[in-house]
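Asker: this is a predicted model, with the sequence first.
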Amino acid sequence: MSETVVEARGVTKRFKDKTVLDQLDFSLQRGSVTGLLGKNGTGKTTLLKCVLGLQTPQSGTITVLGEDSRTLSGTAKARLAYVPQEVSLYPWMRIRQVVAYTAAFYPRWNAVLIERVMKDWEINPDDKIGPLSTGQLQKLGILLALGHEPELLVLDEPVASLDPAARRQFLATLLEIALTGDRTVLLSTHITSDLERVADRVAILRNGKIDYTDELAALKDSVKRLRINAPSGLPSNLKSLPGIVKCEADGKTAVLSLRGFEPDLPARLARDWNAEISVEDLNLEEIFLEMYAD
Amino acid sequence: MPSNFLFRIHPTSGVPIYRQLMDQVQAHVHAGRLPLDEMLPSVRQIAEELQINPMTVSKAYSLLERDGLIERVRGQGMRVKAAPKGLLPVKDRREKILPLLEQVAAKAFQLGLTRDQVIAALTPLFKERGAD
């Protein structure tokens, strides 16, 4: 049942002497909603653009919907959609016109869906594009990407300019897509709280590679913070324990963040070190900060 | 029953959403708010009402099914299967409490308390709950 929609192998993308993507491997399964995370400048946009064939990597291969991303056919393009970070549309058009203009490019267009989403999102079809705010443009960009019901929807920072109400509406629409079960969404974002509701997977980009990818729930189950109090002293090699991502220790007490947590670990460490240990759950933002704060 | 009534989800908590759902179903069953044979809201209903990914809901239901708390009824959804007693074999339930007991043992050792002293302290706690 799990079909690979995007498969990237050994992708390297350089801009002059700056290597942004470095032998990167990445794949997306049909039906998943994947959040792409990474600090500013780690290459999230570059990766999205390479996936869509909008940029060409120096080496490696990317297959999208069964085709080479560099030479996507019209048929494949009609099955995907991309909303860039900054949406630019003809300023002299009215929204109604830009919708009709966009619809004309696609063999299939769900006008009923678009009408409904426009109502839900309080987009007035008679408004002109020119005076729209960044947030309104972003909403419109997402709207236009939904009309042909793409199998693969790629969104670059889709909620960055949206107000909380618009973000909530956007998430509801995204969930509707997720509920169909056969459509795939890839979105980059730095607003992790939104991601926690809708994403079932996360991929974290770092140093040109996908540093971590798994189910979001598995990430939360795996990364924990331990507070340790060992009156008789802690081993000095705490930092070299497997899976440690952050360690602050002073001999008898320590705060450790680690990945690969197992439910029996605290009891095991408590016994080995004769220590008192409490376990803290971390949310996505905290995990991200623990793992990538350096 | 609307899922907003049954569940209260904190997406930004460190506890994964699927586990929040599992814990809350368990709590409702234990408290009798979800009686035997009661149908649970559908995956779609929960996902829509709580605005969370449907796969998260499916995962929670599958794990609860594996634990024997609920069962899948063809074409109808999930139904409460077991009363909390006899929920899992004793062996499995013992496994669940073992990590806590290891902590108790470690702490008791640190404090220089004997096994009998710990058991003596534990006994009234069981009595409070009407069990010997």
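Answerer: It's in.

Asker: give me the outermost residue of chain A relative to its centroid.
Answerer: Residue farthest from the centre of chain A, counting by Cα atoms, centre = their mean, is A:S232 at 44.2 Å.

Asker: what helix or strand is that residue on?
Answerer: A:S232 belongs to no helix or strand when assigned by DSSP states H and E.

Asker: just give the nearest non-adjacent residue to it, would you?
Answerer: Nearest non-adjacent residue to A:S232, counting by Cβ to Cβ, 6 or more residues apart in numbering or on different chains: A:N274, 5.2 Å away. For the C-beta atoms, the positions are set from N, CA and C on the backbone; glycine is no exception.

Asker: close to chain A: what parts of chain B are there?
Answerer: B:11-19, B:44, B:47-48, B:51-56, B:59, B:98-99, B:102-103, B:106-107, B:109-110 (Cβ under 8 Å from any Cβ of the partner chain).

Asker: what residues does the stretch 1-150 of chain A have near chain B?
Answerer: Proximity of the stretch 1-150 of chain A to chain B (Cβ under 8 Å from any Cβ) is limited to residues A:31-33.

Asker: could you report the distance from A:H148 to A:A81?
Answerer: Using Cβ to Cβ, to the nearest Å, A:H148 is found at 7 Å from A:A81.

Asker: and what of A:T213?
Answerer: Shown here: A:T213 relative to A:A81, a distance of 22 Å by Cβ to Cβ.

Asker: what's the answer for A:T75, then?
Answerer: From A:T75 to A:A81 the distance is 14 Å (Cβ to Cβ).

Asker: more crowded one of the two?
Answerer: Just comparing A:T75 and A:A81: by other Cβ atoms under 10 Å in any protein chain shown the higher neighbour count belongs to A:A81, 23 against 10.

Asker: I'd say that one and A:P150 touch.
Answerer: Yes - using Cβ atoms under 8 Å, A:A81 makes contact with A:P150 at a distance of 3.8 Å.

Asker: OK, contacts around A:D194?
Answerer: A:159, A:167, A:171 (Cβ atoms under 8 Å, 6 or more residues apart in numbering or on different chains).

Asker: hmm, 10 Å instead?
Answerer: Neighbouring residues of A:D194 by Cβ atoms under 10 Å, 6 or more residues apart in numbering or on different chains: A:35, A:158-159, A:162, A:164, A:167-168, A:170-171, A:174, A:187, A:284, B:11-12.

Asker: ranking by neighbours, what's the top pick from the residues you listed?
Answerer: Neighbour-wise, these (other Cβ under 10 Å) top out at A:P158, 28 neighbours.

Asker: give me the distance between that one and B:E48.
Answerer: Plainly put, A:P158 is 20 Å away from B:E48 if you go by Cβ to Cβ.

Asker: again, but for A:T253
Answerer: As defined by Cβ to Cβ, A:T253 lies at a distance of 46 Å from B:E48.

Asker: kindly state the domain boundaries assigned to chain A.
Answerer: Annotated domains of chain A cover A:4-219, A:223-292 [automatic domain parsing].

Asker: which helix is the longest one in chain B?
Answerer: The helix that spans the most residues within chain B, counting by DSSP state H, is helix B:90-111.

Asker: for chain B, which residue gets nearest to chain A?
Answerer: Going by Cβ to the nearest Cβ, chain A is nearest to B:G14 of chain B, at 2.7 Å.

Asker: contact partners for that residue?
Answerer: Shown in contact with B:G14 (Cβ under 10 Å, 6+ apart): A:220-221, A:223-225, A:279-284, A:286-287.

Asker: those strands in chain B, which residues are they?
Answerer: Applying DSSP state E to chain B gives strands spanning B:70-73, B:77-80.

Asker: with mean pLDDT and mean neighbour count added, can I get those in JSON lines?
Answerer: Formatted as JSON lines, those follow (pLDDT from 0 to 100; neighbours: other Cβ atoms under 10 Å in any protein chain shown):
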{"stretch": "strand B:70-73", "mean pLDDT": "93", "mean neighbour count": "16"}
{"stretch": "strand B:77-80", "mean pLDDT": "92", "mean neighbour count": "18"}
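
Asker: any chance of JSON lines for those strands, columns distance to B:Q26?
Answerer: Output for those, formatted as JSON lines (distance: least, Cβ to Cβ, whole Å):
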{"stretch": "strand B:70-73", "distance to B:Q26": "10"}
{"stretch": "strand B:77-80", "distance to B:Q26": "11"}
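
Asker: one step back: give me the contact list for the longest helix of chain B.
Answerer: A:229-232, A:263-279, B:67-68, B:86-89, B:113-115, B:117-118, B:121-122.

Asker: return the distance of it from the chain's centre.
Answerer: 18 Å (Cα atoms, centre = their mean, to the nearest Å).

Asker: coming back round to it: buried among the residues of chain B next to chain A? Need that as a selection in PyMOL.
Answerer: Selection command for PyMOL covering only the buried members of the residues of chain B next to chain A, criterion 16 or more other Cβ atoms under 10 Å in any protein chain shown:
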select buried, chain B and resi 11+14+15+16+17+18+19+47+48+51+52+53+54+55+56+59+99+102+103+106+110
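
Asker: out of the residues of chain B next to chain A, list just those in helices.
Answerer: Within those, residues falling in helices by DSSP H are B:17-19, B:44, B:47-48, B:54-56, B:59, B:98-99, B:102-103, B:106-107, B:109-110.

Asker: re earlier: which one, of the strands of chain B, ends up nearest to A:P131?
Answerer: The closest of the strands of chain B to A:P131 is strand B:77-80. By Cβ to Cβ, the value is 48.6 Å.

Asker: so what does that closest one touch, helix or strand wise?
Answerer: Applying 3 or more Cβ pairs under 10 Å, 6 or more residues apart in numbering or on different chains; DSSP states H and E, one finds that strand B:77-80 contacts helix B:17-31, helix B:43-50, helix B:54-66, strand B:70-73.

Asker: that one: how far from the chain's middle?
Answerer: What separates the centre of strand B:77-80 from the centre of its chain is 16 Å, taken as Cα atoms, centre = their mean.

Asker: which residues sit against it?
Answerer: Around strand B:77-80, the neighbours that count as contacts under Cβ under 10 Å, 6+ apart are B:25, B:28-29, B:34-45, B:57, B:60-62, B:64-65, B:69-73.
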